[in-house]
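need a structure here:
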Amino acid sequence: MPAGQVGEIVIQGPCVMKGYWKNPVATHEAFFAGGWLRTGDAGYFDKEGFLYIYDRVKDMIVTGAENVYPAEVENALFGHPAIADAAVIGVPDPRWGEAVKAIVVLKQGVEATAEEIIAYARERIAGFKLPKSIDFVVALPRNPTGKVLRRELRAPYWQGYDRQVS
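Numbering: from 1, shown residues only. Have a look, this model is predicted:
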């Protein structure tokens, strides 16, 4: 990819694993021909050639013909003075395939509406990246290391769908 453009990070070398233990299907899905491993990370190179991790490919939201990385939307939301925590997911949308949804935890004793938060984000990111809706929760589900469990956030919205992109 050209400098500054986000793409999937793939690696090759003597220290790259040979495959998943007794799981040929997962091994086949993880590798390109020639031994290139798909890391599952999205990243970009800057003009000096430094690689930056941008987000996880599986978390990318495809809305219409546009790709939206949750990390970019979350970064736009985190500056809002009422937001303590936030996660962004894709939810089914009959017109666009997926729509951007934010799940937000407000700071204790502070109030904000979905409209206020979306207006705040509109000043920081492109319109197609804006959350179309916001749910407010007390806490985000996290694993023991603190990583947000996006699959748990997505699950109720995707019930009844065969795949995670409509």
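
adjacent strands (with direction) for the lowest-mean-pLDDT helix or strand in the chain?
The helix or strand of the chain with the poorest confidence is strand 51-56; it has a mean of 86 (mean pLDDT, DSSP states H and E). Its sheet considered, strand 51-56 pairs with strand 36-45 (antiparallel) by DSSP bridges.

contacts for the strand it pairs with, please.
1, 3-12, 16-17, 29-32, 51-58, 60, 69 (Cβ atoms under 8 Å, 6 or more residues apart in numbering). C-beta: built from backbone N, CA, C; applies to glycine.

kindly recompute the last result at 7 Å.
Contacts with strand 36-45, where a contact means Cβ atoms under 7 Å, 6 or more residues apart in numbering, come from 1, 3-12, 16, 30-32, 51-58, 60, 69.

just to revisit the earlier point, now the least confident helix or strand of the chain: buried residues?
Buried residues in strand 51-56, counted by 16 or more other Cβ atoms under 10 Å: Tyr54, Asp55.

mind checking the SS state of Ala26?
helix (DSSP: H, G, I helix; E, B strand; the rest coil).

run a quick neighbour tally on the closest residue in space to it that isn't next to it in sequence.
What sits nearest to Ala26 in space, not counting adjacent residues and going by Cβ to Cβ, 6 or more residues apart in numbering, is Tyr20, at 4.3 Å. Neighbour count of Tyr20, defined by other Cβ atoms under 10 Å: 14.

need phi/psi at Tyr20.
phi -90, psi 140 (degrees, to the nearest 10).

now swap in Tyr120 and tell me
Reported as degrees, to the nearest 10, the phi and psi values for Tyr120 are phi -60, psi -50.
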